[in-house]
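# Please work out how this folds:
(one chain, ligands or ions: 1)
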Amino acid sequence: MSNNTVTLNFSDGREPIELPVLDSSMGNPVIDIRMLAAHGIYTLDAGFTSTASCESGITFIDGDEGLLSHRGYDIEDLAYKSDFIEVCYLLLYGELPTAAQKHAFESSIRHHSMVHDQVVNVFRGFRRDAHPMALMIGVTGAMSAFYPDAHDVFDPAVRDLAAHRLLAKVPTVAAWAHKYNLGEPFMYPQHRLGYAANFLYMMQATPCENYEVNPVLARALERIFILHADHEQNASTSTVRLAGSTGATPFACIAAGMASLWGPLHGGANEAVLKMLEEIGDVSKIPEIIERAKDKTNPFRLMGFGHRIYKNFDPRAKVIRETAHEVLNELDMNDDPLFKVALELERIALEDEYFIEKKLYPNVDFYSGIVFRALGIPSSMFTPLFALARTAGWVAQWSEMLSSPGHKIGRPRQRYIGEKMREYVPLEKRTG
Ligand code: CMC
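The predicted structure is shown next:
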């Protein structure tokens, strides 16, 4: 630990304040400003561009180098050598499991994969055409009523059980949201199948015919789950942490995370990418769309491009791009017109001065939609799939926060720019 400090000097003659500078195990040092409140000073950082909201040992990103790692393991190693269950364990417990630990963990997740039978009634309260994210948020939040034993969140065993339940049940809820939209019967989890294969089964099988999971496609989906499992303190994870900091039940906190993920600037982008590619339709229309994205008077953005942190490349996009090739090959869909549009759009944007100067590269969402679509997954389910995978990171971050010594409720300050104190005017005397 270095003894670096930084001194805050004021031009109004106030006493300077010395602040400690804390080293990080990887990445930038941080200025510890916690003592500023005692001096009656707050910092302003809307959008959190320069503010660390917590200390965490789970995920590290170096946006300039295009590096993403979980617990010290590179995302590419995990994507190609590991599986989703192992990554969930790693995020939650800090180490890769031994064979025995993995077996026990996997058995527990399988054991908890069914939802309470009454959850079916919760689904039935929704309109048939409800967006599956609305269903997921509602049903996941409602599960807090089915597990009142999860309320004692400061007990590690309670947290552990809740984490297992969420990892196990969210895929069932996601698959059932899709089935509900279709008006098809809900399919129960199959313990013989792996995590991604079981999800494909619950989403795509019907009771009328045999359904064989294609192992290449299940593996591709598993890889996409790994790539989406955690991503440091993004909007939805920060939402889960903030909601969880109050001691709220984990099912409600994860539902809050899902709500935050839904927006098109976050997890909703994969759905928006596919809509955009469909609108473009043909490579000849690409120059026009690029010009629209660059036009400052037009709010349109090239969906699937740019990232708050990655200013070199998104390492997840690299793996998904390869996965897209593998899946389209397996399904004999190499001539897929949308894939062609995506490849060409990427090529043109990467050569365009605007995108180069602003360091806008394809992000994880740019190719995931292409893979999902090839897997027969409708675009309304893209964000639910992101939510399913990100549940791993959410429960790990939530659990880490609650087990941290000196845990505090999250309560940001503000810079007030409203009216000064004034007198209340009775209704009959108000004018204008
Ligand atoms: N197309 C065109 N221009 C863009 C784009 C884009 N996709 N992204 C950023 N810019 C421009 C933006 O207009 C701004 O220009 P200027 O400096 O002239 O005002 C500049 O680049 C910086 O953009 P910003 O909005 O200040 O950057 P940010 O870090 O706040 O936003 C982002 C990051 C991901 C929200 C943004 O790049 C974006 O809206 N991308 C499209 C949506 C998307 O693909 N989201 C998925 C993110 S990855 C998955 C996830 O983490 O959820």
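
# can you give me the helices for the stretch 201-350 of the chain?
Counting by DSSP state H, counting those that start in this stretch, the stretch 201-350 of the chain has helices at residues 215-228, 235-244, 250-261, 269-280, 286-294, 315-330, 337-351.

# highest average neighbour count across the ones you listed?
Most buried of those by mean neighbour count (mean count of other Cβ atoms under 10 Å) is helix 250-261; its value is a mean of 26. C-beta here means a position set from N, CA and C on the backbone, and glycine is covered the same way.

# Need the CA coordinates for that helix. CSV is fine.
Coordinates of each C-alpha in helix 250-261 appear next as CSV, following Å, rounded to 0.1, in the frame of the first residue of the first chain:
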residue,chain,number,x,y,z
PRO,A,250,-32.6,-10.5,-3.1
PHE,A,251,-35.5,-11.4,-5.4
ALA,A,252,-36.6,-7.7,-5.4
CYS,A,253,-33.0,-6.5,-5.9
ILE,A,254,-32.4,-8.8,-8.9
ALA,A,255,-35.8,-7.6,-10.3
ALA,A,256,-34.5,-4.0,-9.9
GLY,A,257,-31.3,-5.0,-11.7
MET,A,258,-33.4,-6.4,-14.6
ALA,A,259,-35.4,-3.2,-14.8
SER,A,260,-32.1,-1.2,-15.1
LEU,A,261,-30.8,-3.6,-17.7
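
# can you give me the angle that helix makes with helix 235-244?
Orientation check (axes from the mean of the first three to the mean of the last three Cα atoms, to 10 degrees): helix 250-261 against helix 235-244 gives 150 degrees.

# Can you name every helix or strand that helix 250-261 contacts?
Secondary-structure packing of helix 250-261 (3 or more Cβ pairs under 8 Å, 6 or more residues apart in numbering; DSSP states H and E): helix 132-146, helix 156-182, helix 235-244, helix 382-403.

# Need the winner for burial among those.
Greatest average neighbour count among the helices and strands packed on helix 250-261 goes to helix 382-403 (a mean of 26), per mean count of other Cβ under 10 Å.

# and that one, what other elements does it pack with?
helix 84-93, helix 132-146, helix 156-182, helix 215-228, helix 235-244, helix 250-261, helix 269-280, helix 364-374.

# got the ones you listed as JSON lines, with distance to Cys54 and mean pLDDT columns?
Shown next, in JSON lines, are the helices and strands packed on helix 382-403 (distance: least, Cβ to Cβ, whole Å; pLDDT from 0 to 100):
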{"stretch": "helix 84-93", "distance to Cys54": "15", "mean pLDDT": "98"}
{"stretch": "helix 132-146", "distance to Cys54": "23", "mean pLDDT": "97"}
{"stretch": "helix 156-182", "distance to Cys54": "17", "mean pLDDT": "98"}
{"stretch": "helix 215-228", "distance to Cys54": "21", "mean pLDDT": "95"}
{"stretch": "helix 235-244", "distance to Cys54": "6", "mean pLDDT": "98"}
{"stretch": "helix 250-261", "distance to Cys54": "15", "mean pLDDT": "98"}
{"stretch": "helix 269-280", "distance to Cys54": "24", "mean pLDDT": "90"}
{"stretch": "helix 364-374", "distance to Cys54": "23", "mean pLDDT": "89"}
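
# Of these, which is nearest Ile31?
Checking the helices and strands packed on helix 382-403 against Ile31 by Cβ to Cβ gives helix 235-244 as the closest, at 19.5 Å.

# now the angle between helix 382-403 and that closest one, please.
Calculated by the same axes, to 10 degrees, helix 235-244 forms an angle of 40 degrees with helix 382-403.

# picking up where we left off before, turn the helices and strands packed on helix 250-261 into a markdown table, including distance to Glu428.
As requested, the helices and strands packed on helix 250-261 are exported to a markdown table (distance: least, Cβ to Cβ, whole Å):
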| stretch | distance to Glu428 |
| --- | --- |
| helix 132-146 | 44 |
| helix 156-182 | 53 |
| helix 235-244 | 43 |
| helix 382-403 | 51 |
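
# which stretch among those comes nearest Gly410?
Short answer: helix 235-244, nearest of these by Cβ to Cβ, at 4.4 Å.

# could you dump the helices of the stretch 201-350 of the chain to a markdown table with distance to the ligand?
A markdown table is the format used below for the helices of the stretch 201-350 of the chain (distance: least, Cβ to the nearest ligand atom, whole Å):
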| stretch | distance to the ligand |
| --- | --- |
| helix 215-228 | 9 |
| helix 235-244 | 8 |
| helix 250-261 | 7 |
| helix 269-280 | 3 |
| helix 286-294 | 4 |
| helix 315-330 | 9 |
| helix 337-351 | 9 |
